[in-house]
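Peer 1: quick one: sequence plus predicted model below, questions after.
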Amino acid sequence: MPRRDDIHTILVIGSGPIVIGQACEFDYSGAQACKVLREDGYRVVLVNSNPATIMTDPEFADRTYVEPVTPQFVEKVIAVERPDALLPTLGGQTGLNCAVALAESGVLERYGVELIGAKLGVIKKGEDRKLFAEAMQAIGLDVPRGAYAYSVIDAERAAGDIGFPLVIRPSFTLGGAGGGIVYNIDELREQVSHGLALSPISEVLVEQSVLGWKEFEMEVMRDRNDNAVIVCSIENVDPMGVHTGDSVTVAPAQTLTDRELQTMRDASLAILREIGVETGGSNVQFAVNPEDGEMLVIEMNPRVSRSSALASKATGFPIAKIAAKLAVGYTLDEIPNDITRVTPSCFEPSIDYTVVKVPRWAFEKFKGTDTTLTTHMKSVGEAMAIGRTFEEALGKAMRSLETGRAGLGSDGHDSFDEDKFDTYLSRPNEHRLFYIAEAFRRGRALEDVASLSRIDPWFLGRISAMVAVEAEVAAAGADGLDAELLRRAKQHGLSDTQIAYLAGCDEASVRMRRLDLGVRPTFKTVDTCAGEFAAATPYFYKTYEDEDEVTPAARPRVMILGAGPNRIGQGIEFDYCCVHASYALHDAGFETVMVNCNPETVSTDYDTSDRLYFEPLTFEDVMDVVEAERPVGVLVTFGGQTPLKLARALEAAGVPILGTSPEAIDLAEDRERFAEVLDRLGIVYPAAGCARSAEEAVEIAGRIGYPLLVRPSYVLGGRGMVIAYSDEYLLRHVAEAVVVSPDHPVLLDRFLEGAIEVDVDAICDRREVYIGGVMEHIEEAGIHSGDSACCIPPFTLSETVIGRICEHTRRIALEIDTHGLINIQFAVKDAEVYVLEVNPRASRTVPFVSKATGVPLAKVAARVMAGEMLADLALPAELRETGRFCVKEAVMPFGRFPGADSVLGPEMKSTGEVMGSATDFPAAYAKSQLAIDYSLPHAGAVFISVCDRDKRAAVGIARHLHALGFAVLSTCGTAKALRSSGTPVTEVLKVHEGRPNIVDALTNGEVQIVINTPFGRETRSDGYHIRAAAIRHGVTNITTMEAAQAAAQAIEAIKEERLEVSALQDVEQWAAPVVRDLAAGYAPPEALQ
Amino acid sequence: MTNRMRALLALEDGTTFPGLSCGAEGETAGEVVFNTSLAGYQEVFTDPSYAGQIVTMTSPHIGVYGVNGADMESRASFVRGVVVREMCHAPSSWRSEGSVPDFLTSQGVVAIEGVDTRRLTRHLRERGVMRAVISTSDLDAASLVAKAQASAGLVGRDLVREVAVPAAFEWGSEDPTGCLPIDTGVLPVQPRYRVVAFDSGIKFNILRRLSEADCGVAVVPPTTSATEVLEMDCDGVFLANGPGDPAAVGYLSETVRELLGVRPVFGICLGHQILGLALGASTFKLKYGHRGGNQPVMNLLTGQVEITSQNHGFCVDLSSIGPLDQGRSAGLDHDVSDLGAWVRAGVAPVVTSERFGPVQVTHVNLNDMTVEGLRALDHRAFSIQYHPEAAPGPHDARYLFGAFTALMDGRDDYLSASDPRFVTGALRGKGTQ
């Protein structure tokens, strides 16, 4: 059946900001879908609030709305664009929920919009556990026993019937939020009330626990002719009880006999048919009892998911792209397989390698939260690795994680909690695999480890085999490493670093010996068909085998090192920059080679670069690709800290690094040396010092004075950073949080309290500098720039100050010989401009600036780094007036980490960002808030409790909110200040003052907004309890005065209904393509040929 | 690990692959082929169609869940040799009754692990399948290559006699080799149909599926005459899968000619080629065959695609049956050899067999557009090149057993009846049902 001609305009809904449980995979899926629909001649209208996505680049859709993914805003877009159809299955749970709301409220019907990909009934049947259970019963499949509860009493009754342990699953929450396993009545009560609060329909499922059962997933596709295929089976190494996003997973499924696998396949297809998924992809999850093979259906998602992104990368079968084509009427047999080009997509990929995915957590950022892995997803990212065997893939995945580990232990960084060793084996936690490997090193029996962890013995056997090879390497020692053993060690996933540690030598000599002995890696192709047909797509992974499949390139190659797994401080923004660099250099005539290990991303789509290497970003793995590809240059400054930290070593190994030299990057990172540069330029910066011991820290503090910004050197996302107001706090922090030593000094900066922070992104071609954008932060200096909201253009800075900022930027960029992107953070206090930090590389804000200004900074930078001059690129005037304000706001994950404090500070904690844009600042800010919270309260009560220095500012805000109709509640100190200004205020008790207090009011839903600023950083204070309660009950929670002021203005804008939608294609800065397309006539400079 | 017995695989074109032994000791020769199934290695190793062949599994981890009695596809392992990347010596599954290396050793099958099976697969894809030897005793490359070159190939060789039963038996009872299948599936108490199945290497799962379709099955040796079959008073005749070159089993296609039009006939795999030969077709050898569980096949009568389990190296040449019958082919005059054109047109073309009249192509492989199913329109006979019984592989084509009973019931729409293909009966909870 050919494409549908009765629809012309298709609305695609994106997934909004990156949050835990919903990351770049939806940019990957959505970008694929938009691309393929446009290629097919459809007019694509896109709504997504996340500016750091590739899909929101204006060339991916005909009409791009960077607007909140909420029913209100999408309705406005529908009213303007009048789409014929809405494709809701590519924007994750957010997109799906929004589409459901639009369907149920009659909006779609009113505008004649058809849901394609999944009908309303299908979504409901798939998502609603009750309907789903009934459907499963109808086709003879079993689901875990369970009952719905709408109150704690209901849940207690259900628990009586089913028995503990029980799984609590709130209905319609993202990534299982609010869910968990409970073992007793107290835990049940707590979890159920939490779950009821989070569930939009106040419903939780109380379900039989199948803890310890094996867990499987099937990725299924079906077309409207009822052809259906299984794209990939996935087996979870962690048994049931751990969210699949927090599980180590393997593809394809390993431990099932064909009979069991086919039974599961039959069931998956029957489920799709019964639920009624007519076209597109779905994910079905199963639990299998390891004792007797009993199979239960756990759930299905009638949409593209995190697992489908993984399955696409694991097999080379582009699920989202094909789902989009199926939604517009094609059938699977009509769509050619991208990779073989000669066979159809109506087949099931066969793979001749093993894929392992390992989650990346960030518990170190959320002190105080429970680190046990449960059905409630907590990881912030993941790494995928491909090897011929499980051992090889697991070893690669472990060193891909960017946790400082070179594999599964035995790398010189092993440390174990001896008292709780067995608990670490039995309790699912982020370190469990390390404990398992260590258990085998200590001679523990496999059965023993199996009964504690309930992980399938086959997986444990593989880990034990890895450990056995480690022992052989250690026994051989540096001089005893022969070719056979080295080869076997590599095939068992050991890195050169691990081999060096075990054999007692250094990594360089392992590499040299290995290459001398002829133990060289080979690269094999991901081809969907296990070699049965020739592959046209150069998508490679490394292994140690006989045959290498890399073919020579026709044009000079440039290699781009990706950003690795998502974690806080390093996410989609850097992937965006890498993808742009790849696009730009491809257009400029190079063959681009991408190296990355993050399966969620657009960069690891085999369509993005000319060649894709799915490999860890370590020196060893990158060097192996360099030796296979012999690039004319390597880009290390687009992928954030991950590739940057390899720059020195790569350069030393003779690899040509494009752009700013590693030496210059180091210079900018070295506080002391850089201070000299600034002194030379006569540019001021906060007084600073560098302490190599606790005593020195106190001495420096005495010299500079408090408050002080304290941070370890060389960190990403401000890890371990605090603001200290006293010797006592400083000493405690230096002793506990950052282990200060001569090798790891601690940096102390004078903290400019109350200063305005400004970020600048610019490009330098070593001759001139182009200012990409000047961003004024909304929160004052001291909040990590990744966590603070900011606005382009600046909304309070004077022309003089902006001019001085630009001038400083130019002088610094040229002085350190920047070649490419540079980001500088400034603080403005009392009209004085201080330099806080300089990073001569792509920053987190590049995508936002690009989207706000229409200048694709990463593309321009990539071409400059490849030898072009800014003067030749015909860029628009710097800081051009566009009459629009663009606000970037950070998205915080606190709801996922009960127990952790939500106060913002110099350590970055946000997972993602949104953009709001409008013709005035309040409206833009309002949109950015709506894009995150999905609603800003516009009536009710506001609770204000602020520290002394904020009391004056609080008065104005309280008056403003009161004028907007809010009742004002305060604790005694703040209440006094407000009352004296004539604002009516109701006093409530602090937590320690008795009951009922503010937490009671929050719990009872009497408060809609909390404005609470902390002073200093005393955890477990009154403020901590208030903020924790606000997060727990989903109350809007504001912790800075600047944000509170902006919020009040935003609420006013919402009440006045001033928020209109606009497409990027309509705004002036996007009217014409900015970078001249030189692809036709461009020849790379001689040096690069 | 290092003190394990070494083994060497040598191909007739001089390529060699060193590795370690993971089966019986000794030396074996055969045609080396590859199979891309992700699971189901035991069913592959015990499928009699692999007689004379050394099978390379492209899936790198083999043996993970061990072996068990219920997954036997015949009374023994007929594969000549096994090549894998990584063999599991300590299996893990509640169904496991032993390890693959122990099983292969007990079956006398020589096997090699540690081979770059992807390189071997790509080699066979480019050069075509070829003769090979695996040895644990002779590790001299030149000597082993010479042995490969001297070994017998598959073309023209009748391997069917090696694997077939010597005397007839009833499915569900002990077979004449003294073996009682552990898992016979559900046996009908009062079978509605009587089927005689020629054993050219029949897989147990075909018999299980026939039983499930309410057939009582008598399995007879391939040399059984038509007269003997008719004396058995059956409703239908089944032609099984089997090893080697169909042209070498001329006696069977002769027998089929006598039965055509007399009894409904259903053939699978070798049985399909035998029916093709009986209808006057010739067969040819594919470069590297179809072996795996992911081959897309379109049923031209319904337009639907089945994901199928396949294992064949030979193929029926449609144009050799006779000229196109344009009138029965929707008036189109596409070349009968260009099945892609017929797939795109959505028409099942009909050719005319000199002796048996109109023959229709019912199924086509969408990867290479080769014939996967035929039916004789005037003689109540149809055949399928792939394995609707699966084992291993997807169950999409299971409806064809229902089609056979519909044919025996005398229905003309037996291959296109409204969606009989999904058998929900296969869905009961436990994995082994």
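Peer 2: That came through, no problem. Numbers count the residues shown, from 1 in each chain, chains lettered A, B, ... in the order given.
Peer 1: on contacts alone, who are the packing partners of the biggest strand by length in chain B?
Peer 2: Secondary structure of chain B read by DSSP state E shows that its longest strand is strand B:282-299. Under the contact definition 3 or more Cβ pairs under 8 Å, 6 or more residues apart in numbering or on different chains; DSSP states H and E, strand B:282-299 sits against strand B:27-35, helix B:117-127, helix B:270-278, strand B:304-317, strand B:357-365, strand B:371-376. Bear in mind the C-beta positions are built from the backbone N, C-alpha and C, glycine included.
Peer 1: as a markdown table, those with mean pLDDT, mean neighbour count and distance to A:R811 would be great.
Peer 2: Supplementary listing: the helices and strands packed on strand B:282-299 in a markdown table, determined by pLDDT from 0 to 100; neighbours: other Cβ atoms under 10 Å in any protein chain shown; distance: least, Cβ to Cβ, whole Å:
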| stretch | mean pLDDT | mean neighbour count | distance to A:R811 |
| --- | --- | --- | --- |
| strand B:27-35 | 98 | 24 | 65 |
| helix B:117-127 | 98 | 21 | 56 |
| helix B:270-278 | 97 | 29 | 80 |
| strand B:304-317 | 96 | 24 | 65 |
| strand B:357-365 | 97 | 23 | 69 |
| strand B:371-376 | 97 | 26 | 73 |
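Peer 1: count of neighbours near A:D6?
Peer 2: Under the neighbour criterion other Cβ atoms under 10 Å in any protein chain shown, A:D6 is assigned a count of 8.
Peer 1: backbone dihedrals for it, both of them.
Peer 2: Dihedral pair for A:D6: phi -90, psi -10, per degrees, to the nearest 10.
Peer 1: quick check: the closest residue to it other than its chain neighbours vs A:Y111, distance?
Peer 2: With Cβ to Cβ, 6 or more residues apart in numbering or on different chains as the measure, A:D84 is the residue that lies nearest to A:D6, at 7.5 Å, once sequence neighbours are left out. Between A:D84 and A:Y111 the distance, using Cβ to Cβ, to the nearest Å, works out to 10 Å.
Peer 1: now do the shared contacts for those two.
Peer 2: Common neighbours of A:D84 and A:Y111 are not found (criterion: Cβ atoms under 8 Å, 6 or more residues apart in numbering or on different chains).
Peer 1: ok, back up a step: next, the contact list for the residue nearest to A:D6, please.
Peer 2: A:D6, A:I7, A:H8, A:T9, A:I10, A:G112, A:V113, A:E114.
Peer 1: how about TSV for those, with distance to A:A813, pLDDT and secondary structure added?
Peer 2: As requested, the contacts of A:D84 are arranged in TSV below (distance: Cβ to Cβ, whole Å; pLDDT from 0 to 100; DSSP: H, G, I helix; E, B strand; the rest coil):
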residue	distance to A:A813	pLDDT	secondary structure
A:D6	55	96	coil
A:I7	49	96	coil
A:H8	47	97	coil
A:T9	44	98	strand
A:I10	43	98	strand
A:G112	53	97	coil
A:V113	49	97	coil
A:E114	52	97	strand
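Peer 1: now these: which count as buried?
Peer 2: Neighbour-count burial within those applies to A:I7, A:T9, A:I10, A:V113, A:E114; the criterion is 16 or more other Cβ atoms under 10 Å in any protein chain shown.
Peer 1: ok, A:T551 touching A:P538?
Peer 2: Yes - the pair A:T551 and A:P538 qualifies as a contact (Cβ atoms under 8 Å) at a distance of 7.1 Å.
Peer 1: more neighbours: which of the two?
Peer 2: Shown here are A:T551 and A:P538; by other Cβ under 10 Å, A:P538 has more neighbours (20 against 9).
Peer 1: for the nearest residue to the more buried one once chain neighbours are set aside, give the beta-bridge partners.
Peer 2: Computed as Cβ to Cβ, 6+ apart, the closest residue to A:P538 that is not its neighbour in sequence is A:R611, at 4.4 Å. Bridge pairing for A:R611 (DSSP bridges) gives the partners A:V593.
Peer 1: isn't A:R611 right up against A:M594?
Peer 2: Yes - with contacts counted by Cβ under 8 Å, A:R611 reaches A:M594, the gap being 7.1 Å.
Peer 1: what about the two, which has more around it?
Peer 2: Higher neighbour count among A:R611 and A:M594: A:M594, with 29 against 23, using other Cβ under 10 Å.
Peer 1: export the helices and strands packed on strand B:282-299 to CSV and append columns for distance to A:N236.
Peer 2: As requested, those are exported to CSV (distance: least, Cβ to Cβ, whole Å):
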stretch, distance to A:N236
strand B:27-35, 27
helix B:117-127, 26
helix B:270-278, 40
strand B:304-317, 24
strand B:357-365, 35
strand B:371-376, 36
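Peer 1: in CSV, list the C-alpha atoms belonging to the lowest-mean-pLDDT helix or strand in chain B.
Peer 2: For chain B, the helix or strand with the lowest mean confidence is helix B:160-163, at a mean of 92 (criterion: mean pLDDT, DSSP states H and E). These are the backbone C-alpha positions of helix B:160-163, laid out as CSV (Å, rounded to 0.1, in the frame of the first residue of the first chain):
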residue,chain,number,x,y,z
VAL,B,160,18.2,-38.9,1.8
ARG,B,161,18.8,-42.7,2.2
GLU,B,162,21.3,-41.9,5.0
VAL,B,163,18.8,-40.1,7.2
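Peer 1: now do the buried residues in that helix.
Peer 2: Burial within helix B:160-163, assessed by neighbour count using 16+ other Cβ under 10 Å, is assigned to B:V160, B:R161, B:V163.
Peer 1: one more: stretch A:374-386?
Peer 2: By 16+ other Cβ under 10 Å, the buried positions in stretch A:374-386 come out as A:374-386.
Peer 1: looking at the residues you listed, which are in strands?
Peer 2: Counting by DSSP E, the buried residues of stretch A:374-386 contribute A:G381, A:E382, A:A383, A:M384, A:A385, A:I386 to strands.
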